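In: what's the 3D shape of this:
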Amino acid sequence: MHLGGKIEIKSKSPLETRDDLSMAYTPGVARVCNAIAADPIRSFGLTIRRNMVAVVSDGSAVLGLGNIGALGAMPVMEGKAILFKEFGGVDAFPICLDTQDTEEIIKAVKQLAPTFGGINLEDISAPRCFEIEDRLRRELDIPVFHDDQHGTAAVVLAALINAVKIVGKNLKDMKAVVSGAGAAGVACTKALLALGMGDVIVCDTKGAIYKGRSAGMNPAKEWLAENTNKERLEGSLLQALAGADMILGVSGPGLLKGRDLTVMAKDPIVFALSNPVPEIMPEEAAPYVRVMATGRSDYPNQVNNVL
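Out: Numbering: from 1, shown residues only. A predicted model of the protein is given here:
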């Protein structure tokens with residue numbers, strides 16, 4: 001499947017005669033070019049901008065693989081382009097940028113924007129991803145969407161709504177723990193609060209995020225400190241799990257053991273979404289949980305932004 005790449009460009013117009021050639025290229029394109037120059041909005045009807053999205057990454061936060069760079073990220077971006085086409089009917093093209101500088105990424109995307117009708121940001125590490133998306137949304141006139149944030153948050157909420165029905169709990173009385181304070185973790189936390197979750201404790205590599213913590217903070221984590229963890233719990237991920245009704249893992253592989261889940265509330269919900277290896281495998285978690293989901297397609301209950 002991967003040999004030679006997974007996508008290609010095909011012509012939608014025949015080139016069988018000399019007339020076809022003259023219409024597709026010169027001189028036929030001249031009138032189309034002039035029409036767009038006179039009214040740029042017509043580029044959305046007369047070019048591939050009508051149905052073309054750029055899948056942009058710097059390779060700094062790829063799946064569960066980490067910072068593997070632009071070339072390493074290419075197979076993932078090709079895969080996302082296929083998903084856009086097969087499941088949404090949207091043409092997409094991977095753009096892997098050989099820079100991890102915020103200003104250079106913003107500049108590059110703005111320079112590429114005339115070719116596309118939308119920008120899908122993918123696998124860019126936090127906290128840079130927040131500024132990149134915010135700036136591009138303000139400075140471009142086409143949609144900009146960071147899939148790792150908003151796509152993940154959307155599918156997590158959809159899954160949680162059904163999971164809560166199964167366990168018979170009320171969201172406002174529940175406590176969730178989020179493992180990971182990157183793009184997905186921050187966006188999912190905001191979504192959980194908006195849905196009505198009683199309290200959320202977010203943990204990163206330094207433990208629970210709380211108001212007053214100074215180590216390893218950034219603007220996104222400062223927001224979390226102000227708006228989550230009502231009791232200002234300090235300590236590790238395992239300490240945060242005590243009495244929790246749900247854990248959402250968007251951090252890294254193998255962080256949890258089955259016995260760690262025994263401190264959670266009755267009928268716990270576990271969404272272990274790191275890919276390709278989740279925070280805990282379903283087989284290990286099964287004896288201790290009521291609802292188990294991963295980001296993988298080879299297990300039941302897939303919760304993945306591909307949806």
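
In: The closest residue to Asn227 other than its chain neighbours: helix or strand, and which one exactly?
Out: For Asn227, ignoring the flanking residues on the chain, the nearest one in space by CB to CB, 6 or more residues apart in numbering is Leu193 at 6.7 Å. In this view, the C-beta of every residue, glycine as well, is placed from N, C-alpha and C. Assigned by DSSP states H and E, Leu193 falls within helix 183-195.

In: buried sites along that helix?
Out: 183-193 (16 or more other CB atoms under 10 Å).

In: What of stretch 220-238?
Out: Quick answer for stretch 220-238 (16+ other CB under 10 Å): 220-221, 224-225, 228-229, 233, 237-238.

In: residues contacting the residue nearest in space to the middle of the chain?
Out: The centroid of the chain falls nearest to Asp148 when counting by CA atoms, centre = their mean (1.0 Å). Counting by CB atoms under 8 Å, 6 or more residues apart in numbering, Asp148 makes contact with 61, 121-124, 129, 182-184, 187, 305.

In: Out of these, which comes closest to Gln100?
Out: Comparing the contacts of Asp148 against Gln100 with CB to CB places Ile124 closest, at 8.4 Å.

In: need the contact list for that closest one.
Out: 56-58, 60-61, 105, 132, 146, 148, 183.

In: Could you rerun that using 6 Å?
Out: For Ile124, the contact set (CB atoms under 6 Å, 6 or more residues apart in numbering) comprises 58, 60.

In: so which helix or strand takes in it?
Out: Residue-wise, Ile124 maps onto no helix or strand under DSSP H and E.

In: tell me the pLDDT at it?
Out: Looking at Ile124, its pLDDT reads 97.

In: and if you look at Leu307?
Out: Confidence score, pLDDT, at Leu307: 66.

In: Tell me how many other residues crowd Arg259.
Out: 11 (other CB atoms under 10 Å).

In: For it, give me its contacts.
Out: Arg259 touches nothing, counting by CB under 6 Å, 6+ apart.

In: a strand runs through it, doesn't it?
Out: No: under DSSP: H, G, I helix; E, B strand; the rest coil, Arg259 sits outside any strand and is assigned helix.

In: Could I get the full set of helices for the stretch 201-307 of the chain?
Out: Here the stretch 201-307 of the chain has its helices, by DSSP state H, counting those that start in this stretch, at 219-227, 237-240, 282-285.

In: For the longest one, name the packing helices and strands.
Out: When you say that, I think you mean helix 219-227. Using 3 or more CB pairs under 6 Å, 6 or more residues apart in numbering; DSSP states H and E as the contact test, no helix or strand touches helix 219-227.

In: coming back round to it: now tabulate the helices of the stretch 201-307 of the chain in TSV and tack on distance to Ser274 and mean pLDDT.
Out: Shown next, in TSV, are those (distance: least, CB to CB, whole Å; pLDDT from 0 to 100):
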stretch	distance to Ser274	mean pLDDT
helix 219-227	19	97
helix 237-240	13	97
helix 282-285	13	97
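
In: Select, out of those helices, the one closest to Gly79.
Out: Going by CB to CB, the one of these nearest Gly79 is helix 282-285, 23.0 Å.

In: Quick check: buried residues in stretch 273-293?
Out: 273-275, 277-282, 284-285, 288-289, 291-293.

In: the helices in the stretch 1-150 of the chain, which residues?
Out: 18-24, 29-38, 43-46, 69-88, 102-112, 128-139.

In: Contacts made by the second one with the rest, please.
Out: So that's helix 29-38. Taking CB under 6 Å, 6+ apart as the rule, helix 29-38 contacts 42-43, 46.

In: repeat that for 8 Å
Out: 42-43, 46-47.
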